[in-house]
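**Student:** my questions concern the predicted model and sequence given below.
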Amino acid sequence: MITFTVSIIILLLGYFFYSKIVEKIFGIEANRTTPAYKKQDDVDYLPMQTFKAYLIEFLDIAGLGPVFGAILGAVYGPVAFIWIVIGGIFGGAVHDYFSGMMSLRQNGESIAEVIGKWMGVTAKQFMRIFTVFLMILVGAAFMMGPAKILAGMTGEINIGQNITLSANQVLMGWIVLIIFYYFIATLVPIDKIIGKIYPFFGFALIFMALGIGFMLYFNGSNVPELSFNNAFFNMKTNASEYPIFPLIFITISCGAISGFHSTQSPLMARTIKKETVGRHVFYGAMITESIVALIWAAAAMTFFGGVGELNHFLVEEGGNPAVFVSKISTTWLGTFGGILAVLGVVAAPITTGDTALRSARLIIADFTKLKQNLIKNRLIITLPLFAVTIALTFIKFDALWRLMFWFNQMLATIVLWGITIYLAKKHKFFWVTIFPAIFMTGVVTTFLFVAKEALFMPKQISYILGAIITLAITVWFFIYYYSKIKKSLPAVD
C-alpha cells in the first residue's frame with residue numbers, strides 16, 4: 001500500500017503547489033469580467049456556483065474514463081501508478097487548466113477556435129472537423145453502451161396479456177429513451193438538466209471511488225508495490241502486440257491526460273464567475289479524476305489476487321471492465337455498492353454522451369456564427385447532428401473504436417502544442433507544456449506504427465520512426481520560435 005498511498009499524496013501536493021505555478025504562468029486577473037457575465041444568454045453562458053462547476057467539469061471529463069481505462073491499464077502492474085501521477089500533475093491537469101482558461105479569455109469559444117487562433121487557419125479548420133467527429137463518435141458509443149448494459153440487466157419484459165418484449169425490442173426501447181434524453185439535454189439551458197443532476201452523479205462517482213479506496217485499506221488488500229523489476233521487466237517481456245510503450249499511455253487516458261477534456265472545458269469556461277476559480281474547476285477536477293483512476297487501478301491489481309489473475313479475468317470476460325466494476329462494487333460495498341455500480345456503468349457514460357453532443361453543437365455554432373439563444377438555431381444544428389449520430393449506432397465500427405483511444409490522445413497532443421505556441425507568443429514560460437507535448441507526440445506517433453489496429457510494425461522500427469517524427473516536430477517548433485516568435489512583440493488579448 002506504500003506505492004498507492006504515496007501516489008495519492010503526490011497528486012494532492014501537485015494540486016496544492018504545482019497548480020499555483022501553472023496559474024501564475026497563465027496570469028489570472030481577479031477582476032476581469034468572465035464570459036458568464038459578458039455574454040450571458042441563460043442557455044450556455046450563465047454564472048454558476050463554483051462547486052457546481054467543479055462537479056460538472058469532473059463528470060464531464062470523467063465518465064467511465066478513469067474507471068475503465070485504469071482497470072485496463074492495471075494489467076501492466078504498478079507502473080500504471082507512475083503514469084497516472086506524472087501524467088495527471090504535469091500533463092492532464094495542465095492541459096485542462098490552460099484549455100479552460102484560454103477559452104475563458106476568448107469569450108468561452110470552443111477548443112477548435114481557441115487553438116486555431118494561435119496555430120493558424122489551417123489548424124483551426126482541421127480542429128473543427130476533428131473535434132466534431134470525435135464528439136459524434138463519443139455520442140454514438142455512449143448511446144449503445146449504456147443501452148446494452150440496461151437491456152442485459154432487464155432481459156425480456158412481460159408487459160401483460162401474454163405480450164413479451166424480446167431482448168432486441170427492449171434494447172431498442174432503451175436506445176430510444178437515451179436518444180430522447182440526449183436530445184433534450186443538448187437543447188435546454190445548461191442549468192436546467194446538467195446543472196441539476198450532474199452534481200449528484202459527480203458525488204456518486206466520487207463516493208463509489210472513496211468506498212473502494214476505504215476497502216483497499218481496511219479489507220486486507222495486498223496492492224502490489226512498485227519495484228525495478230515490475231516497472232521495467234514488463235517493458236521487455238510484455239506480449240509484442242501490447243508493448244507497454246506506447247499502449248499504457250493510450251489506454252490510461254482520462255486518468256492521466258485526455259484530449260476529450262479540452263472539448264469539455266469551454267462548457268465551464270462559459271459559467272465560472274471569476275478567473276480565480278479556474279484552478280479549482282479545471283486543475284482540481286483533473287486531479288480528482290487521477291485519484292479515482294489510482295483507486296480503481298489498485299483495486300484491479302488486488303481484487304483477484306494479483307495482476308496475472310486480473311489479466312485472466314479480463315480475457316474470460318472479453319476485456320469488458322464493466323463486469324469488474326459491478327463485481328467489485330457488489331462484493332465490497334454490498335447492495336448499496338450495486339446501486340453505485342449501476343450509476344457508474346450506466347449513468348456516467350450517459351452524462352459523457354450528452355455533454356459530447358452538446359459540445360458538438362457549440363463547436364458548430366462557433367464557426368457558423370449561429371446564435372444559440374434562439375431555439376430554432378439550436379434545432380438547425382442539433383437535428384442533423386443527431387441524425388448522423390444515430391446512423392453510426394447501426395454501423396459496426398469496432399476497429400475504429402479501438403482507435404478511439406488514439407484519436408483522444410492525438411487531440412490532447414495537438415492542444416498541448418497549441419498551448420505551447422500560445423505561451424511562446426505571450427513570452428511566457430512555455431516549458432511547462434512543451435515537455436508533455438513532446439512526450440505525447442512520441443506516444444501517438446509510435447502507436448501508429450506499432451499498434452495492431454494501425455501498421456503493426458516491429459517494435460524497434462516503430463520506436464525509431466516515432467522518435468524521428470517527434471524530433472522533427474520539436475526542431476520545427478524551435479526554428480519557428482527563434483525565427484519568428486522570439487523576435488516579435490508580446491501578444492495582447
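**Tutor:** All right, it came through fine.
**Student:** might you report the residue contacts of Ile287?
**Tutor:** Ile287 makes contacts with Leu11, Leu12, Gly14, Tyr15, Ser19, Gly88, Ile89, Ala93, as judged by C-beta atoms under 8 Å, 6 or more residues apart in numbering. Every residue, glycine included, has its C-beta placed from N, CA and C.
**Student:** ok, now Lys486?
**Tutor:** Ala424.
**Student:** what's Trp296 sitting at in phi/psi?
**Tutor:** Here is the backbone geometry of Trp296 (degrees, to the nearest 10): phi -70, psi -30.
**Student:** helices along the stretch 201-350 of the chain, start to end?
**Tutor:** 228, 234-237, 244-251, 260-269, 278, 284-303, 307-316, 321-342, 348-368 (DSSP state H, counting those that start in this stretch).
**Student:** please name whichever of the ones you listed is nearest to Ala140.
**Tutor:** Comparison of these against Ala140 by C-beta to C-beta identifies helix 348-368 as nearest, at 8.4 Å.
**Student:** list the buried residues in whichever helix or strand comes after that closest one.
**Tutor:** Following helix 348-368 in sequence order, the next helix or strand is helix 375-392 (DSSP states H and E). Under the neighbour-count criterion of 16 or more other C-beta atoms under 10 Å, helix 375-392 has Arg378, Ile380, Ile381, Thr382, Leu385, Phe386, Thr389, Leu392 buried.
**Student:** now stretch 128-144
**Tutor:** 128, 130-132, 134-144.
**Student:** re earlier: for the helices of the stretch 201-350 of the chain, give me JSON lines that also has distance to Gly69 and mean pLDDT.
**Tutor:** As requested, the helices of the stretch 201-350 of the chain are exported to JSON lines (distance: least, C-beta to C-beta, whole Å; pLDDT from 0 to 100):
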{"stretch": "helix 228", "distance to Gly69": "25", "mean pLDDT": "68"}
{"stretch": "helix 234-237", "distance to Gly69": "18", "mean pLDDT": "45"}
{"stretch": "helix 244-251", "distance to Gly69": "6", "mean pLDDT": "89"}
{"stretch": "helix 260-269", "distance to Gly69": "11", "mean pLDDT": "92"}
{"stretch": "helix 278", "distance to Gly69": "25", "mean pLDDT": "96"}
{"stretch": "helix 284-303", "distance to Gly69": "7", "mean pLDDT": "94"}
{"stretch": "helix 307-316", "distance to Gly69": "13", "mean pLDDT": "83"}
{"stretch": "helix 321-342", "distance to Gly69": "9", "mean pLDDT": "77"}
{"stretch": "helix 348-368", "distance to Gly69": "13", "mean pLDDT": "84"}
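**Student:** turn those helices into TSV, columns for distance to Ile149.
**Tutor:** Formatted as TSV, those follow (distance: least, C-beta to C-beta, whole Å):
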stretch	distance to Ile149
helix 228	40
helix 234-237	31
helix 244-251	21
helix 260-269	21
helix 278	35
helix 284-303	18
helix 307-316	17
helix 321-342	6
helix 348-368	8
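**Student:** hang on, the earlier thing: widest-spaced pair of the buried residues of stretch 128-144?
**Tutor:** By the measure C-beta to C-beta, Arg128 and Met144 form the most distant pair in the buried residues of stretch 128-144, at 25.6 Å.
**Student:** nearest to Ala322, of the buried residues of helix 375-392?
**Tutor:** For the buried residues of helix 375-392, the residue nearest Ala322 by C-beta to C-beta is Leu392; the value is 20.8 Å.
**Student:** the closest one and Pro349, how far apart?
**Tutor:** In this view, Leu392 and Pro349 are 16 Å apart by C-beta to C-beta, to the nearest Å.
**Student:** now swap in Gly306 and tell me
**Tutor:** Gly306 is 29 Å from Pro349, by C-beta to C-beta.
**Student:** so between those two, which is more surrounded?
**Tutor:** Neighbour comparison, Gly306 and Pro349: the larger count goes to Pro349, with 25 against 14 (by other C-beta atoms under 10 Å).
**Student:** who are the contact partners of that one?
**Tutor:** Here Pro349 is in contact with Gly63, Leu64, Phe142, Gly145, Pro146 (criterion: C-beta under 8 Å, 6+ apart).
**Student:** keeping just the C-alphas, turn the helix or strand containing Phe183 into PDB.
**Tutor:** Using DSSP H and E, Phe183 sits within helix 167-187. Below are the C-alpha coordinates for helix 167-187, written out as PDB (Å, rounded to 0.1, in the frame of the first residue of the first chain):
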ATOM      1  CA  ALA A 167     -34.300  -8.700 -25.900                       C
ATOM      2  CA  ASN A 168     -33.900  -6.700 -29.100                       C
ATOM      3  CA  GLN A 169     -37.100  -4.800 -28.600                       C
ATOM      4  CA  VAL A 170     -36.000  -4.000 -25.000                       C
ATOM      5  CA  LEU A 171     -32.600  -2.800 -26.300                       C
ATOM      6  CA  MET A 172     -34.300  -0.600 -28.900                       C
ATOM      7  CA  GLY A 173     -36.600   0.800 -26.200                       C
ATOM      8  CA  TRP A 174     -33.600   1.800 -24.100                       C
ATOM      9  CA  ILE A 175     -31.800   3.300 -27.100                       C
ATOM     10  CA  VAL A 176     -34.900   5.500 -27.800                       C
ATOM     11  CA  LEU A 177     -35.100   6.700 -24.200                       C
ATOM     12  CA  ILE A 178     -31.400   7.600 -24.200                       C
ATOM     13  CA  ILE A 179     -31.600   9.400 -27.500                       C
ATOM     14  CA  PHE A 180     -34.600  11.300 -26.200                       C
ATOM     15  CA  TYR A 181     -32.700  12.300 -23.100                       C
ATOM     16  CA  TYR A 182     -29.600  13.300 -25.100                       C
ATOM     17  CA  PHE A 183     -31.800  15.500 -27.400                       C
ATOM     18  CA  ILE A 184     -33.400  17.400 -24.600                       C
ATOM     19  CA  ALA A 185     -30.100  17.800 -22.600                       C
ATOM     20  CA  THR A 186     -28.300  19.100 -25.800                       C
ATOM     21  CA  LEU A 187     -31.000  21.700 -26.400                       C
END
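**Student:** just the residues contacting it, thanks.
**Tutor:** Helix 167-187 is touched from outside by 139, 143-144, 146-148, 150-151, 154-157, 165, 193-194, 350, 353-354, 357-358, 361, 375, 378-379, 382, 385-386, 390, 393, with contacts defined as C-beta under 8 Å, 6+ apart.
**Student:** same question, stretch 302-320
**Tutor:** With C-beta under 8 Å, 6+ apart, stretch 302-320 has contacts from 71-72, 74-77, 216, 221-224, 300-301, 321, 323-324, 327-328, 331.
**Student:** tabulate the contacts of Ile287 (JSON lines), appending secondary structure, pLDDT and neighbour count.
**Tutor:** What follows is these, written out as JSON lines (DSSP: H, G, I helix; E, B strand; the rest coil; pLDDT from 0 to 100; neighbours: other C-beta atoms under 10 Å):
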{"residue": "Leu11", "secondary structure": "helix", "pLDDT": "98", "neighbour count": "23"}
{"residue": "Leu12", "secondary structure": "helix", "pLDDT": "97", "neighbour count": "13"}
{"residue": "Gly14", "secondary structure": "helix", "pLDDT": "97", "neighbour count": "22"}
{"residue": "Tyr15", "secondary structure": "helix", "pLDDT": "97", "neighbour count": "21"}
{"residue": "Ser19", "secondary structure": "helix", "pLDDT": "97", "neighbour count": "22"}
{"residue": "Gly88", "secondary structure": "helix", "pLDDT": "97", "neighbour count": "31"}
{"residue": "Ile89", "secondary structure": "helix", "pLDDT": "98", "neighbour count": "25"}
{"residue": "Ala93", "secondary structure": "helix", "pLDDT": "97", "neighbour count": "30"}
